[in-house]
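In: Quick one, structure for this:
(one chain, ligands or ions: 2)
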Amino acid sequence: MSIARSMLQLKSHFPLYLGGKPIFNAGSCFSVKDKYTNKVATIVSSATSQQIDEAIMFASGSERELRGVPLYERKNILNTIVEKLKERFEEMSQYITVETGKPIKISRVEMLRAIDTFTLASEEVQRLHGYTERYDYSSTNTGVRGRVERFPRGLVSCITPFNFPVNLIAHKIAPAIAVGCPFVVKPSPKTPVSALVLGEILAETSLLEKSWSILPCKNSLAPLFVEDPRIKMVSFTGGLEVGMAIKRSAVNSVSTSLTLELGGDAATIIDDYDLDLNKLADTLLFAGMYQSGQSCISLQRLFVHENKYSQLLKLLVEKAQKLAIGDPLNVNTMISPLITMDAAVKVEELVQDAIERGAKCHCGGKRKDSLYYPTILTDVPKESRLSQEEAFGPVIYVEKFKDWKKVIERVNSSRFGLQAGIYTDNVFKIEYAFNNLEVGGVVVNAPCASRADAQPYGGIKDSGFGREGLKSAMEEMTEVKTMLMKNIDKY
Ligand SMILES: NC(=O)C1=CN([C@@H]2O[C@H](COP(=O)(O)OP(=O)(O)OC[C@H]3O[C@@H](n4cnc5c(N)ncnc54)[C@H](OP(=O)(O)O)[C@@H]3O)[C@@H](O)[C@H]2O)C=CC1
Ligand SMILES: O=C(O)[C@H](O)COP(=O)(O)O
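Out: Ligands and ions are numbered 1, 2, ... in the order given. Below is the predicted model:
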């Protein structure tokens, strides 16, 4: 269903949440724009450095109390969030679209995924088991047994980007609630509204108030979410440059644990076998163009077997030119403006640089304000910026190949390594790809831009380290403690 912009009802001012309580900062606010109209949509309170300090103090002071909360209570909290997300599904989908500019049908999918993410956390609550083992494998340890359990690390600082303003926060706070870690969230100042609505929802649960805060703030205060030694873990999703800055400053404290979920220039390989190329072209276009390519696993590099190359390229170009461009509140829209004019200019520069170095542009290749047109390129030279950087825009470049082992090396030639997709009917090629692709995830019979919220998700190389996905994130947010027991069977 499409929505008329005149029907949108957005509050005029959103409070931040400090120690679980809403606070209106009359003197410290910033505006959030509707990314399609470029008009101010609402105003949000912006945290001061004192408020960030206070939030960290409250949260770190609540670590012990939170650890003692029984599992059924944690499940209750997570299930309550699920119910409230369902009740506010359509309202929140609209907020996502207004503040990100992404099409409403994609925002609704994000909401469905966020509901899954909290549901999965409520199920995983009771599955984080420890184990016991015997150490009397040697006479030096006669009678020794071990009991190994996981304990919450403590305060988690969650720093999130603009592109999934609900589900990427869910991927940090749902596991934190499940394992009993307090948290502070620093949402992207480009998209803080959905985060603050999540705050309204959290405030209606029995989650210990002092244990959580949601604090939009200006960029100069962002390092406070990393450098404070009371923070036990930083969980970051965003770009490479900021990720590297965070890694440098988080090592100020030896014990700070870090998860970095960074960018990519994800690839998909299409082998030569019996494929419905028409259907495949639709799927691949979606993988490269959904939310205008602003996803870290968005399809950027497409490698096609030489026997399928010309036919598939023709279909991709024909279909890319027909993608519906326009108001993201229209349910048929596929391509809408990028998050900022700067982001669109960056995509324009990458494409221009590739063309100047010899790439062929088959469609798109142009910008109107912050909108970038769906673009298909071939012959992109290896020394071009597009070959070495994340586009984060609606751009796919296509290359032909004939040798499976060589194309795997071509995928690996990137500095990034998040996910790769492979289409083949040969089980040995699948096994070879799984063993040799330098990525955190290999997707079979679907493009790289496929993520199940339960899967261990994250990258290698410049795509970061650590894994999200509920079970994995819960492991990252806990640490192992061992009890060594001697002769306890001697009663
Ligand atoms: N996973 C991925 O692949 C993603 C990659 N990106 C890439 O990053 C670009 C910009 O997107 P954006 O969302 O702004 O991502 P950024 O990486 O720029 O920012 C992500 C978050 O980190 C914050 N931040 C910035 N500097 C610091 C710092 N020194 N310490 C702590 N936190 C900091 C940002 O706040 P502030 O906005 O104030 O700088 C924001 O909340 C994209 O165009 C894309 O290339 C973005 C999103 C996801
Ligand atoms: O589908 C997803 O969850 C994203 O692609 C992952 O988020 P990212 O693009 O910010 O890494």
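In: The residue of the chain found nearest ligand 2: neighbour count?
Out: Taking C-beta to the nearest ligand atom as the measure, the chain has Cys296 as its residue closest to ligand 2, at 3.3 Å. Heads up, the C-betas are built off the backbone N, CA and C, glycines and all. Using other C-beta atoms under 10 Å, Cys296 has 27 neighbouring residues.
In: quick one, what contacts it?
Out: Going by C-beta atoms under 8 Å, 6 or more residues apart in numbering, Cys296 touches Glu261, Leu262, Gly263, Gly264, Ala266, Glu390, Leu418, Ser463.
In: Touching, the fourth one and Ala420? I think so.
Out: No - using C-beta atoms under 8 Å, Gly264 is not in contact with Ala420, being 9.3 Å away.
In: Strands of the stretch 301-450 of the chain, start to end?
Out: 301-305, 360-363, 367-368, 371-372, 375-378, 395-401, 416-417, 419-423, 441-444 (DSSP state E, counting those that start in this stretch).
In: Buried deepest among these, which one?
Out: Burial of the strands of the stretch 301-450 of the chain is given as mean neighbour count (mean count of other C-beta atoms under 10 Å); strand 419-423 ranks first at a mean of 27.
In: Compute the first-to-last residue distance for stretch 396-409.
Out: Start and end residues of stretch 396-409 are separated by 19 Å (C-alpha to C-alpha, to the nearest Å).
In: Oops, could you answer that again for stretch 206-214 instead?
Out: Its first and final residues considered, stretch 206-214 spans 16 Å by C-alpha to C-alpha.
In: So what touches it?
Out: Residues from elsewhere that reach stretch 206-214, judged by C-beta under 8 Å, 6+ apart: 16-21, 55, 58-59, 61-62, 65-66, 69, 73, 76-77, 80, 173, 177, 182-185, 187, 195-196, 198-199, 202.
In: Are any of those buried, and if so which?
Out: Buried subset of those (neighbour count, 16 or more other C-beta atoms under 10 Å): 16-20, 55, 58-59, 62, 66, 69, 76-77, 80, 173, 177, 182-185, 187, 195-196, 198-199, 202.
In: Can you list which of those residues are found in helices?
Out: Residues of the buried ones among the contacts of stretch 206-214 located in helices (DSSP state H): 55, 58-59, 66, 76-77, 80, 173, 177, 195-196, 198-199, 202.
In: pLDDT weak spots in this structure?
Out: In the predicted model, the chain carries pLDDT under 70 at residues 251-252.
In: At the contact with ligand 2, which residues of it appear?
Out: For the chain, the residues found near ligand 2 under the criterion C-beta under 6 Å from any ligand atom are Pro161, Asn163, Phe164, Asn167, Leu168, Thr237, Glu261, Ser295, Cys296, Ile297, Arg451.
In: again, only this time at 5 Å
Out: Within reach of ligand 2 by C-beta under 5 Å from any ligand atom, the chain has these residues: Asn163, Thr237, Ser295, Cys296, Ile297, Arg451.
In: So which bits of the longest helix anywhere in the chain are buried?
Out: For the chain, the helix with the greatest residue count under DSSP H is helix 104-124. Across helix 104-124, burial judged by 16+ other C-beta under 10 Å covers 104-122, 124.
In: so after it, what's the next helix or strand?
Out: Scanning forward in sequence from helix 104-124 by DSSP states H and E, the next helix or strand is strand 131-134.
In: Who are the packing partners of the helix or strand that comes right after that following strand?
Out: Beyond strand 131-134 on the C-terminal side, the first helix or strand identified by DSSP H and E is strand 144-152. Applying 3 or more C-beta pairs under 8 Å, 6 or more residues apart in numbering; DSSP states H and E, we find strand 144-152 packed against helix 63-67, strand 131-134, strand 478-486.
In: show me the residues around Glu65 that make contact.
Out: Glu65 makes contacts with Leu208, Ser211, as judged by C-beta under 8 Å, 6+ apart.
In: Begin at 797, not 1, for the rest of this chat.
Out: Done: numbering now begins at 797, and the last item shifts to Glu861.
In: Distance check, it against ligand 1.
Out: Per C-beta to the nearest ligand atom, to the nearest Å, Glu861 is found 27 Å from ligand 1.
In: Please report how far that residue lies from Leu867.
Out: From Glu861 across to Leu867, the span is 15 Å (C-beta to C-beta, to the nearest Å).
In: ok, now Leu1081?
Out: On the measure of C-beta to C-beta, Leu1081 and Leu867 end up 44 Å apart.
In: swap in Ala970?
Out: Counting by C-beta to C-beta, the gap from Ala970 to Leu867 is 14 Å.
In: Looking only at neighbour counts, state which of these two leads.
Out: When Ala970 and Leu867 are compared for neighbours, Ala970 comes out ahead with 27 against 12, by other C-beta under 10 Å.
In: show me what contacts the more buried one?
Out: Contacts of Ala970 (C-beta under 8 Å, 6+ apart): Leu874, Ile877, Thr913, Phe914, Leu916, Ala917, Leu1266, Ala1269.
In: and which of these is nearest Leu1119?
Out: Of all the contacts of Ala970, the one with the least separation from Leu1119 (C-beta to C-beta) is Thr913, at 28.4 Å.
In: Any chance of a markdown table for the contacts of Cys1092, columns neighbour count and secondary structure?
Out: Listed next are the contacts of Cys1092 as a markdown table, based on neighbours: other C-beta atoms under 10 Å; DSSP: H, G, I helix; E, B strand; the rest coil:
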| residue | neighbour count | secondary structure |
| --- | --- | --- |
| Glu1057 | 27 | strand |
| Leu1058 | 27 | coil |
| Gly1059 | 27 | coil |
| Gly1060 | 30 | coil |
| Ala1062 | 32 | coil |
| Glu1186 | 25 | coil |
| Leu1214 | 28 | coil |
| Ser1259 | 28 | coil |
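In: Export the residues you listed to a markdown table and append columns for distance to Arg1097.
Out: Formatted as a markdown table, the contacts of Cys1092 follow (distance: C-beta to C-beta, whole Å):
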| residue | distance to Arg1097 |
| --- | --- |
| Glu1057 | 20 |
| Leu1058 | 17 |
| Gly1059 | 13 |
| Gly1060 | 10 |
| Ala1062 | 7 |
| Glu1186 | 11 |
| Leu1214 | 12 |
| Ser1259 | 14 |
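In: so which of the residues you listed are also by ligand 1?
Out: Counting by C-beta under 5 Å from any ligand atom, Gly1059, Glu1186 from the contacts of Cys1092 sit close to ligand 1.
In: Lovely, talk soon.
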